[in-house]
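>>> my questions concern the predicted model and sequence given below.
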Amino acid sequence: MSKAGSLFVEGDSFFHRMDGAVKLIMLLTWTVVTFLFLDLRIFVVMLAGGVTMLLLSRIPVKRMALLFWVLTIFTIINSVFILLITPRFGSTLTGSNTPLIPIGYDTINTETLFYILTLSLKYLTLLPITLLFIFTTHPSRFAASLNKLGVPYKLAYSVSIAFRYIPDLTQEFKNILNAMQMRGLGISRSDGSLLRRMRNLSLVVVPLLQSSLQHIESVSDAMDLRGFGARPKRTWYMGTPMSRSDKTVALLCALLLILAITVKVSFIKGFWYPF
């Protein structure tokens, strides 16, 4: 497995030193608060806060680029589908209808465009905190933190292995793809239609699956030989006690969740549309 451990990026920022379980609590709190609302104003504030925390972590931009573009493409595709399938969906949320862009069979209205903007910002609000969690959390420390919270150590260790295996699986896919291309497998534009290229690309799945199963069996045998699971409890080489700052962050997460629920129940109950 990767020596560096998953997508983890070495660093000495406040978020790198934070307990893994506390970062998970922060991620879950952020996610719950995001999905409680459908308000552009709240998402702008949360996105600004998330980007600030991400910048403070000093993670290289190149390491985050792939995940950023994946989410961006997903957001664009989702927005296009909503506009084409339900071009007047925004009217069901606002009770008004302002026609704007005719598309033949219907008309996209201003309310739906504003809804798409709000929904896109909602997805982007989750991006900084997710990247922060992925790139500043060492799998072994995270597993130790989960076990400290009461998660069975077998499950915690499974999570650690899953995080570690992501870069190995990616590298194995590249190796198999390169080997098959050297044998004449075409996946570039000049090698035929999109359907043909997709069919060629699917041929990588079988050797990748076989390689993954062999890797899993090797890891499983190594763990059995070392007596993994023989005792109900275990110690952790990279386990660390929660610091005062970790407890403070966990408390702030609880207060943020309480505040969000209060605002949702008392003040902002639905979709915010200023026009």
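Sure, I can see it. Numbers count the residues shown, from 1 in each chain.
>>> if we go by neighbour counts, what in stretch 178-188 is buried?
180, 185, 187 (16 or more other Cβ atoms under 10 Å). Backbone N, C-alpha and C define where each C-beta goes, glycine included.
>>> restricted to helices, list these.
Among the buried residues of stretch 178-188, DSSP state H puts residue 180 in helices.
>>> next, the buried residues of the helix or strand of the chain with the lowest mean pLDDT.
Lowest on mean pLDDT, DSSP states H and E among the helices and strands of the chain sits helix 194-202, with a mean of 78. Of the residues in helix 194-202, 197, 200 count as buried by neighbour count, 16+ other Cβ under 10 Å.
>>> one more: stretch 233-249?
Buried, per 16+ other Cβ under 10 Å, within stretch 233-249: 234, 236, 239, 242, 246, 249.
>>> with stretch 217-234 instead?
Using 16+ other Cβ under 10 Å as the test for burial, stretch 217-234 gives residue 234.
>>> got it, and stretch 15-30?
Neighbour-count burial for stretch 15-30 flags 15-16, 18-27, 29-30 (criterion: 16+ other Cβ under 10 Å).
>>> let me know the closest of the buried residues of stretch 233-249 to residue 50.
Using Cβ to Cβ, residue 249 is the member of those that lies nearest residue 50, at 14.5 Å.
>>> all strands for this structure, in order.
Using DSSP state E, the strands of the chain run over 99-102, 107-109.
>>> mean pLDDT added to the ones you listed, as JSON lines?
Listed next are the strands of the chain as JSON lines, based on pLDDT from 0 to 100:
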{"stretch": "strand 99-102", "mean pLDDT": "93"}
{"stretch": "strand 107-109", "mean pLDDT": "94"}
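>>> let me know which of those strands is tucked in deepest.
strand 107-109 (a mean of 19; mean count of other Cβ atoms under 10 Å).
>>> quick one: contacts of it?
83, 87, 88, 90, 91, 97, 98, 99, 100, 101, 102 (Cβ atoms under 8 Å, 6 or more residues apart in numbering).
>>> pretty sure the fifth one sits against residue 112.
Yes: here residue 91 reaches residue 112: they are 7.4 Å apart, a contact under Cβ atoms under 8 Å.
>>> okay, these two: which has more neighbours?
Legend: neighbour count by other Cβ atoms under 10 Å for residue 91 and residue 112, higher for residue 112 (25 against 17).
>>> next one: that one from residue 80, what distance?
Relative to residue 80, residue 112 is positioned 12 Å away (Cβ to Cβ, to the nearest Å).
>>> do the same with residue 264
29 Å.
>>> residue 31 now?
24 Å.
>>> okay, these two: which has more neighbours?
residue 31 (14 against 11).
>>> before we move on, the earlier item: for the strands of the chain, give me CSV that also has distance to residue 117.
Below are the strands of the chain laid out as CSV (distance: least, Cβ to Cβ, whole Å):
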stretch, distance to residue 117
strand 99-102, 13
strand 107-109, 13
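>>> wait, what's in contact with the closest residue to residue 137 other than its chain neighbours?
Closest residue to residue 137 apart from its sequence neighbours, by Cβ to Cβ, 6 or more residues apart in numbering: residue 20 at 5.1 Å. Residue 20 makes contacts with 137, 138, 141, 142, 143, 144, 145, 146, as judged by Cβ under 8 Å, 6+ apart.
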